[in-house]
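**Student:** what's the 3D shape of this:
(one chain, ligands or ions: 3)
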Amino acid sequence: MTDRQNQISEVVVTAAEMRAIENRLFAAGMPVAALMEKVAGLVTRRMRAEWERLGLTLPKVGVIVGPGHNGGDALVIARELYLQGYDVAVTQPLGKLKELTQSHAEYGKSLGIPWLSLEELLQSCDLLIDGLFGFGLERPISGDLAEQVAQINQSKKRVFSIDLPSGIHTDTGEVLGCAIRADYTFCLGLWKRACLQDGALEFLGKVELVDFGIPLGDIEAVLAESSRCYRITGQRAIAALPLPRPLLFHKYKAGHLLLVCGSQEYAGSAILTGLGARASGVGMLSIAVPQSLKPLLVPQLPEALIIPCPETDTGAIAELPDTLNWDKYQAIACGPGITRSAASILPPLLQTSQPLILDADGLNLLSDLGISLLKGRSAPTLLTPHAGEFKRLFPEINPTGDRIQAVREASQQTGAIVLLKGARTAIGSPTGTVYLNPESTPALARGGSGDVLTGLLGGLVAQLPPEIAIQSATWWHAQAGILAAQERTALGVDAFHLTQYLAPVVQRFLM
Ligand SMILES: NC(=O)C1=CN([C@@H]2O[C@H](COP(=O)(O)OP(=O)(O)OC[C@H]3O[C@@H](n4cnc5c(N)ncnc54)[C@H](O)[C@@H]3O)[C@@H](O)[C@H]2O)[C@@H](O)CC1
Ligand SMILES: Nc1ncnc2c1ncn2[C@@H]1O[C@H](COP(=O)(O)OP(=O)(O)O)[C@@H](O)[C@H]1O
Ligand SMILES: [K+]
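**Tutor:** Numbering: from 1, shown residues only. Ligands and ions are numbered 1, 2, ... in the order given. This is a model prediction of the structure:
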């Protein structure tokens, strides 16, 4: 990838930002019709390559044309395929078309492309191109159109969506009334937020960006004043890792991480968190656990310094030893498996001037104490909730709709970096910037995989600035899940094996 392509692949925009960027191109003299030709030509080529890959030779193509320029794109694609010898037919559910779209419709008809009802189209085609709506969708799809969308979905035809699956809100990824379920989505120009929102995931299918050469200067000009949103690319994640190591390196240059985790009830949590931390390459690892866990941890993590803590009747950490010298640590991660009985350990941790990661019961204890306590911290705090933990921490923010907005608000409310776990993990930073993890696997939806992330993240925060470390850790953890699933199937990605794929992911990427 060129430098430009890399930069383009990181940008994520709203519908309003995309429109403002396009308007700059048009104002500078790029004719709207010329851009439509260019975009549609690129999509046609990509689509044909995909058909070839799928072994579809000369499929009969049904094209769904909407009223706006998304429909215009679809009509140019229909025309090109028709002229290349494909059997193409169009359906146009809504009467009135925008001027340019209308003019493509007239030309298409003059060439002899048939206009059919949806029923006729579904009977005659092998696959569908969805050009009903793109980022111009303004209101929920309802009535007769909603019925047609339902028919399209019921037909089980393969669907190739232009820009976005029609019916998906460009920014929040939510379904507006109803939406077409795509198998492939060709997102045009720049990544739209919906492509990285959990709510849209089941509608997007495989998503590709079609770069049509928007000048970086125009993107910069429009985004200069906005809160930014970035996709975490492999390139970005790997470049941040402390690799290669200088020849005269020594262990104290690679950070010292303190983990506070585990209980008799959740002893394995401490091991998984420790193994996640180990993979980060952190220079020194200390693990504070209830004292009875020490004999269990030493054989699993012989390199770690195990700090035995007095324990409660229930086998949780009762308190942290007062001999602990916080200054030794470049990062502290607390929470996996500690249980809510470890309540007394949180206040002293919040007072440290070390970067602090809170996960699992660390977060639940924080919601008991109140998130306002974070405002007093002198060092960065990183919170890594799943949706349930998020709701407890931020009862007034909905983590299941617009997740980008949710992490942004949570982060601004607390001054912490907030990572909302999910299929497309979203990370909000107090500056307003949001980072989104573009690839993952449901194989990770399994007890213990979050513990691995906490350890890995802790190890990287001990070595890197927190806002950078959290992007790398999120990407790395997800890629390890993907690689583990490829080699072991989705069923083989238990948390322990996940830790064994962390190093190989980086190795593969560097090769
Ligand atoms: N201008 C160009 O030449 C380019 C166009 N592109 C395409 O243009 C699209 C955006 O075009 P538009 O702004 O025309 O928007 P759309 O094509 O997404 O649709 C907007 C039209 O649909 C109507 N509409 C919105 N919601 C509706 C609803 N629920 N029920 C019925 N009608 C509804 C609107 O009144 C408007 O007429 C992009 O998604 C992309 O496909 C760009 O990607 C590339 C450059
Ligand atoms: N459907 C999914 N697709 C991709 N990743 C997922 C999915 N569900 C969960 N994950 C990831 O798995 C991890 C689960 O963490 P968490 O909920 O804390 O589990 P646990 O506490 O049991 O370890 C997170 O990193 C999350 O992003
Ligand atoms: K579409």
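**Student:** in a strand, that's where residue 90 is, yeah?
**Tutor:** Yes - the assignment for residue 90 by DSSP: H, G, I helix; E, B strand; the rest coil puts it in a strand.
**Student:** quick check: residue 479 touching residue 439?
**Tutor:** Yes - here residue 479 lies in contact with residue 439, judged by Cβ atoms under 8 Å, at a distance of 7.2 Å. To be clear about C-beta, it is placed using only N, CA and C from the backbone, and glycine gets the same treatment.
**Student:** out of those two, which sits in the more crowded spot?
**Tutor:** residue 479 (24 against 16; other Cβ atoms under 10 Å).
**Student:** what helix or strand is the more buried one on?
**Tutor:** Assigning secondary structure by DSSP states H and E places residue 479 in helix 466-488.
**Student:** check residue 454 too.
**Tutor:** Applying DSSP H and E, one finds residue 454 within helix 449-461.
**Student:** quick one: buried residues of that helix?
**Tutor:** 449-461 (16 or more other Cβ atoms under 10 Å).
**Student:** closest one of those to residue 267?
**Tutor:** residue 451 (11.6 Å; Cβ to Cβ).
**Student:** please report how far the residue sitting furthest away from the middle of the chain lies from ligand 1.
**Tutor:** Distance to the chain centre peaks in the chain at residue 110, reaching 44.4 Å (criterion: Cα atoms, centre = their mean). In this view, residue 110 and ligand 1 are 21 Å apart by Cβ to the nearest ligand atom, to the nearest Å.
**Student:** circling back: then the helix holding residue 479 to CSV, C-alphas only?
**Tutor:** Extracted C-alpha coordinates of helix 466-488, given in CSV (Å, rounded to 0.1, in the frame of the first residue of the first chain):
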residue,chain,number,x,y,z
PRO,A,466,-1.6,4.7,26.7
GLU,A,467,-3.6,6.0,23.7
ILE,A,468,-1.2,4.2,21.3
ALA,A,469,-0.9,1.1,23.4
ILE,A,470,-4.6,0.6,23.6
GLN,A,471,-5.0,0.6,19.8
SER,A,472,-2.2,-1.9,19.3
ALA,A,473,-3.4,-4.2,22.1
THR,A,474,-7.0,-4.2,20.7
TRP,A,475,-5.9,-5.0,17.1
TRP,A,476,-3.3,-7.6,18.3
HIS,A,477,-5.8,-9.4,20.5
ALA,A,478,-8.4,-9.6,17.7
GLN,A,479,-5.9,-10.7,15.1
ALA,A,480,-4.7,-13.5,17.4
GLY,A,481,-8.3,-14.6,17.6
ILE,A,482,-8.6,-14.6,13.9
LEU,A,483,-5.4,-16.6,13.4
ALA,A,484,-6.3,-19.1,16.1
ALA,A,485,-9.7,-19.6,14.6
GLN,A,486,-8.1,-20.2,11.1
GLU,A,487,-5.8,-22.9,12.5
ARG,A,488,-8.1,-24.4,15.2
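**Student:** which residues in the stretch 301-450 of the chain form helices?
**Tutor:** All helices of the stretch 301-450 of the chain, identified by DSSP state H, counting those that start in this stretch, fall at 346-350, 360-369, 387-393, 403-414, 449-461.
**Student:** any idea which of these is most buried?
**Tutor:** Greatest average neighbour count among those goes to helix 449-461 (a mean of 29), per mean count of other Cβ atoms under 10 Å.
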